[in-house]
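Student: need the 3D shape of this:
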Amino acid sequence: MTHPYQPMLRWLMPLVAFFAFVACGPLAGCDARTPQPVVAYVSVDEQIARPVLAAFTARTGIPVEALYDTEATKTTALASRLRREVSRPRADLFWSSAPFEVERLASEEILVPAVHPALEAHPARWRRSDGRWFAFAGRARVIVYDPEVLDPADAPVRWTSLVEPRFKDRVVMADPRFGTTRGHLGAMSVFWNRTAMPGYFEAWLDGLAENGVRMLPGGNAATVDAVARGEALVGMTDTDDVVAAQRRGLRVAASMPRHGLPGEKNAGTLVIPNAAGLVGGGSNPAGATRLLAFLASETVERMLHESTSRNIPLAHPKIEIDAMWRVEEPLAVGVSEVATAMDPAVDRAMKRLDPERIRSLRKPGPGRSIGDADAYDSSEGVSPTEPSP
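Tutor: Here you go, the predicted structure:
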């Protein structure tokens, strides 16, 4: 028996198929099948990276499975994991909050060249010449202080100021084996030993040691907190950690010290960009390439500046930013030379800034007690929070 609505169904089915094709077909940029996810290793703060990855999924329909790093071991642990997995890659893309370890992975050919129309116009200054990584949205290295304890007019305007007697036993910094402190020491060694004199960087480290600098295992955030709690007068950190502390209501400010003399060109503040690249042998290179192009876009640089990190747009400098975070004259050092120099620089720092030696030199005073951010034991090696394979 023929169903009474069968003739109407025959007429409607082609229309249903047509609208289904338009709504989720090639013209709409999606597929009837669930897209294969992109596996991304991410050493960017999760609360900053997650909205960016969600925006990519919303735009493309491609899900992202992200593995995040810890604050104390930023970039280092995930880079080590990528090296261990080189014979059987699990990640498709690596997104780091600093470019130096990314450059090392690229030089080891763990990261591979990426080709995408949207990447062709990316500025040469913010990309590797062979396309193995692309950089964007940076943070500046700054000195944090409490403006009611230290008059802003007296805040350090050069990094060499940290060895002055007025900062004796009053300086803190993050564990230099990890994060941006690692790259910053490499940049200092490259710049000072090249433009000042050989051995200048080592002399500065000796000055820090004599001034009783304290190294904290909690990363740059712990450095800011120590200053905010009054347990140190100044600390070496990044702009995003200062912004985060200010949003929490902490009374902190930042200066952007120069690395060179007043008037010396290309000797200003170090800006450390994000960088991302494709992992060779990943299971979804097409999806990862689309994600890489999205990360390098103006949309993401704008998102990162409008986020709580207030990252500084680099590849798209026309984006308007807060004047207080504008870097007028960045330090001119190459990513590849810093990547080569940073581990020797850290080795020299660990020998000169040994916690036991510092403790024997210091007198009781600000920075002596850092609460839950005690000086690390140099025998511990890599943090146990490194993700397991």
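
Student: and the strand or helix carrying residue 51, what's its mean pLDDT?
Tutor: Element membership for residue 51 (DSSP states H and E) is helix 46-60. Regarding helix 46-60, the rounded mean pLDDT is 96.

Student: can you give me the strands in the stretch 251-389 of the chain?
Tutor: 253-255, 271-279 (DSSP state E, counting those that start in this stretch).

Student: format the ones you listed as TSV; extra columns: distance to residue 119 and mean neighbour count.
Tutor: Quick note: C-beta positions are derived from backbone N, CA and C, even for glycine. Shown next, in TSV, are those (distance: least, C-beta to C-beta, whole Å; neighbours: other C-beta atoms under 10 Å):
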stretch	distance to residue 119	mean neighbour count
strand 253-255	33	21
strand 271-279	11	26
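
Student: low-confidence ranges in this protein?
Tutor: 1-32, 70-75, 354-389 (pLDDT under 70).

Student: what about 80?
Tutor: Applying pLDDT under 80 to the chain flags residues 1-33, 70-76, 322-325, 328, 354-389.

Student: centre-most residue in it?
Tutor: residue 97 (1.9 Å; C-alpha atoms, centre = their mean).

Student: thought that residue was touching residue 139?
Tutor: Yes: assessed by C-beta atoms under 8 Å, residue 97 is found in contact with residue 139 at 7.5 Å.

Student: so what sits against both of those two?
Tutor: Common contacts of residue 97 and residue 139, defined by C-beta atoms under 8 Å, 6 or more residues apart in numbering, comprise 180, 272.

Student: who's in contact with residue 336?
Tutor: By C-beta under 8 Å, 6+ apart, the neighbours of residue 336 are 103, 107.

Student: oh, I was asking about residue 107
Tutor: 336, 339.

Student: please apply the same query to residue 39.
Tutor: Here residue 39 is in contact with 64-65, 67, 90-93, 282-284 (criterion: C-beta under 8 Å, 6+ apart).

Student: run the last query once more with 7 Å
Tutor: 65, 90-92 (C-beta atoms under 7 Å, 6 or more residues apart in numbering).

Student: check for me that it belongs to a helix.
Tutor: No: the assignment for residue 39, made by DSSP: H, G, I helix; E, B strand; the rest coil, is strand rather than a helix.

Student: please name the bridge partners of it.
Tutor: According to DSSP bridges, the residues that bridge with residue 39 are residue 65.

Student: so how far is residue 285 from it?
Tutor: As judged by C-beta to C-beta, to the nearest Å, residue 39 and residue 285 stand 11 Å apart.

Student: and residue 309, by the same measure?
Tutor: 29 Å.
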